[in-house]
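Asks: when you get a sec, could you give me coordinates for this:
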Amino acid sequence: MPDPRPAHVPWLTPYLTVRDAKAAATFYAQAFGFMVHDMVNDDGIVMHVEMFYQGQLIVMFAPEGAFASTARTPRTSGVEAPQSFYVYTEDVDALYAQAIAAGAKALTPPSDQFWGDRFCQLEDPDGYRWGFARPVAPRG
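Replies: Residues are numbered from 1 along each chain as shown. Below you'll find the model as predicted:
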């Protein structure tokens with residue numbers, strides 16, 4: 001059976017709800033280095049965004065209320081996001097500094113972890129938690 005996915009699309013892609021899709025796209029680009037691949041507008045309102053990292057789709061999102069959804073962000077709901085995202089990156093320390101400068105909330109500063117990754121964790125303006133890592137020890 002042929003692969004049913006479009007090119008550069010992983011088997012699993014999170015689809016988030018954000019407060020403002022245009023603002024979220026700008027934040028993810030400035031903070032994490034994600035690149036907008038597709039942004040769908042409806043009467044000037046951004047309704048759907050696809051963002052890529054290192055050539056692969058990393059996340060899709062839509063604003064609160066899009067497509068008649070009642071979904072809300074963790075920040076709007078006043079709850080801690082029950083999930084987090086783990087993304088491998090070239091330079092954890094540089095990405096952490098870049099994200100803080102772009103307005104991310106620091107949760108875990110970069111440090112070497114017992115499982116063999118250099119890791120940091122940040123929270124975006126909508127309350128989603130993002131971990132960034134790079135292996136520092138051979139996996140075995």
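
Asks: quick check, central residue of the chain?
Replies: In the chain, the residue lying closest to the centroid (C-alpha atoms, centre = their mean) is residue 59, at 5.9 Å.

Asks: export the helix-or-strand element of the chain with minimal mean pLDDT to PDB, keeping only CA atoms.
Replies: Using mean pLDDT, DSSP states H and E, strand 35-42 stands out as the lowest-scoring helix or strand of the chain, at a mean of 82. Taking C-alpha atoms only, strand 35-42 is exported to PDB below (Å, rounded to 0.1, in the frame of the first residue of the first chain):
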ATOM      1  CA  MET A  35       8.400  28.400   9.400                       C
ATOM      2  CA  VAL A  36       4.800  29.000   8.100                       C
ATOM      3  CA  HIS A  37       4.000  26.600   5.300                       C
ATOM      4  CA  ASP A  38       0.400  27.300   4.900                       C
ATOM      5  CA  MET A  39      -1.900  30.000   6.300                       C
ATOM      6  CA  VAL A  40      -5.600  29.800   5.300                       C
ATOM      7  CA  ASN A  41      -7.600  33.000   5.600                       C
ATOM      8  CA  ASP A  42     -11.400  33.500   5.700                       C
END
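
Asks: helices or strands up against that strand?
Replies: helix 21-32, strand 45-53 (3 or more C-beta pairs under 8 Å, 6 or more residues apart in numbering; DSSP states H and E). For glycine as for every other residue, the C-beta is placed from the backbone atoms N, C-alpha and C.

Asks: the ones you listed: which one's closest to residue 96?
Replies: Evaluated over those, closeness to residue 96 peaks at helix 21-32, with 9.8 Å, by C-beta to C-beta.

Asks: hey, where'd the strands end up in the chain?
Replies: 15-18, 35-42, 45-53, 56-63, 84-88, 105-112, 117-123, 129-135 (DSSP state E).

Asks: lowest mean pLDDT across the ones you listed, which one is that?
Replies: Set side by side, these differ in mean pLDDT, and strand 35-42 is lowest with a mean of 82.

Asks: hey, what's the angle from that one to strand 56-63? Just curious.
Replies: 30 degrees (axes from the mean of the first three to the mean of the last three C-alpha atoms, to 10 degrees).
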